[in-house]
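# sequence isn't available, so here's the structure alone:
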């Protein structure tokens, strides 16, 4: 069996420390062969990286026409490589916004395509309390130059899309559904679900668990790797502030005061784990919406989601 048939595939979720893991561990660890976001294309891999995106983005007809090319691009890059990790959160979540779901494939389609290319893969799904992840996703899409939308419109639209049965961001954050699809296709023992809260609490143990999946038996010194917050990409606003601050140091404090004032006027849009603007009705709806799925996931995986504060 070729080594590249059995990688560890990290499918997300979005806003669950993906960038920190990709940059601070997957890419930095010499014991891993990495294909994914934040990778260095100096030794090739750009075609393979685009091919991974295609798994989640191409429609049925186009994918059928190109599936051999996509498989070859990935397998050619991974040929002969050991301890392979593939990481791209579009494989689980697609678009962040609840206003448009076009352009990304559903979970079953993505899982089927991955299974066809890597029948013996192990799957890593990293999750986060839904009441925390929703505002974090909102902060991401409401950055400058992306989507301009008020928090209440955002969360109301997400809930409304679910009520109207169109499928929504809320459904994509029902982790048990995603777990069930991959467990059915790849086997329960080949799907690992981990909580980002555990990464925050005990990063060394968290990374050791990932190593055991990606390269069992290897003693990787995980304490050498940093997953500090500064590994995360700067936003466009952060970059502008940095440039202005270096050119005109006297303005840096003024710029910070403006951005802090704006963040206060729109509570939870950028900073903090949970916005103050959930209404009581929205909170109750979300707790009821996710409660059954979270309990089923706890029973299937042994994760103590309720103790961790999940709905």
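Perfect, thanks for sending it. Computed from a predicted structure; not experimentally measured.
# I'd like the next helix or strand past the helix or strand of the chain with the lowest mean pLDDT.
Least confident helix or strand of the chain, by mean pLDDT, DSSP states H and E, is helix 252-265 with a mean of 39. Following helix 252-265 in sequence order, the next helix or strand is helix 280-301 (DSSP states H and E).
# which residues touch that following helix?
With Cβ atoms under 8 Å, 6 or more residues apart in numbering as the test, helix 280-301 has contacts from 130-131, 134, 155-156, 159, 162, 170, 173-177, 179-180, 183, 188, 193, 278, 303-306, 310-311. Heads up, the C-betas are built off the backbone N, CA and C, glycines and all.
# 7 Å - rerun?
Residues from elsewhere that reach helix 280-301 (Cβ atoms under 7 Å, 6 or more residues apart in numbering): 130-131, 155, 159, 170, 174-177, 179, 193, 303-306, 310-311.
# low-confidence ranges, this protein, go.
1-5, 42-43, 93-103, 143-148, 161-168, 228-276 (pLDDT under 70).
# ranges for the helices of the stretch 1-150 of the chain?
Taking DSSP state H, counting those that start in this stretch as the criterion, the stretch 1-150 of the chain contains helices spanning 18-21, 46-57, 60-78, 107-117, 130-141.
# to residue 36, which of the ones you listed lies closest?
Within those, the stretch nearest residue 36 is helix 46-57; the backing value is 7.1 Å (Cβ to Cβ).
# relative to helix 107-117, how tilted is that closest one?
If you take axes from the mean of the first three to the mean of the last three Cα atoms, to 10 degrees, helix 46-57 sits at 140 degrees to helix 107-117.
# hmm, who's touching helix 46-57?
Applying Cβ under 7 Å, 6+ apart, the contact partners of helix 46-57 are 35, 39, 66, 70, 73-74, 77, 86, 88, 90-91, 94, 103-105, 110, 113-114.
# could you turn the buried ones of those residues into a ChimeraX selection?
To isolate the buried ones among these in ChimeraX, judged by 16 or more other Cβ atoms under 10 Å, type:
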select :35,39,70,73,74,77,86,88,90,91,94,104,105,110,113,114
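# re the thing from before, buried members of the contacts of helix 280-301 into ChimeraX, please.
For the buried members of those, the matching ChimeraX selection, counting by 16+ other Cβ under 10 Å, is:
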select :130,131,155,159,170,174,175,176,179,193,303,305,310,311
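# now, the contacts of helix 280-301 that are in strands?
Applying DSSP state E to those, the entries found in strands are residue 193.
# restricted to helices, list the contacts of helix 280-301.
Among the contacts of helix 280-301, DSSP state H puts 130-131, 155, 159, 170, 175-177, 179 in helices.
# most widely separated two among those residues?
Taking Cβ to Cβ as the measure, the ones in helices among the contacts of helix 280-301 span a maximum distance of 24.3 Å, between 155 and 179.
# list the contacts of residue 304.
Contact analysis of residue 304 by Cβ under 7 Å, 6+ apart lists residue 298.
# and it, backbone torsions?
Note on residue 304: backbone dihedrals following degrees, to the nearest 10 are phi -100, psi 70.
# how about residue 121?
Taking degrees, to the nearest 10 as the convention, residue 121 sits at phi -70, psi 160.
# tell me which of the helices of the stretch 1-150 of the chain sits nearest to residue 219.
For residue 219, the closest of these is helix 18-21, at 19.6 Å, according to Cβ to Cβ.
# so how far is that closest one off the chain centroid?
Distance, stretch centre to chain centre, for helix 18-21: 8 Å (Cα atoms, centre = their mean, to the nearest Å).
# from here on, count from 39
Got it, the first residue is 39 from now on, which makes the last one we talked about helix 56-59.
# which parts of it are buried?
Judged by neighbour count using 16+ other Cβ under 10 Å, the buried positions of helix 56-59 are 56-59.
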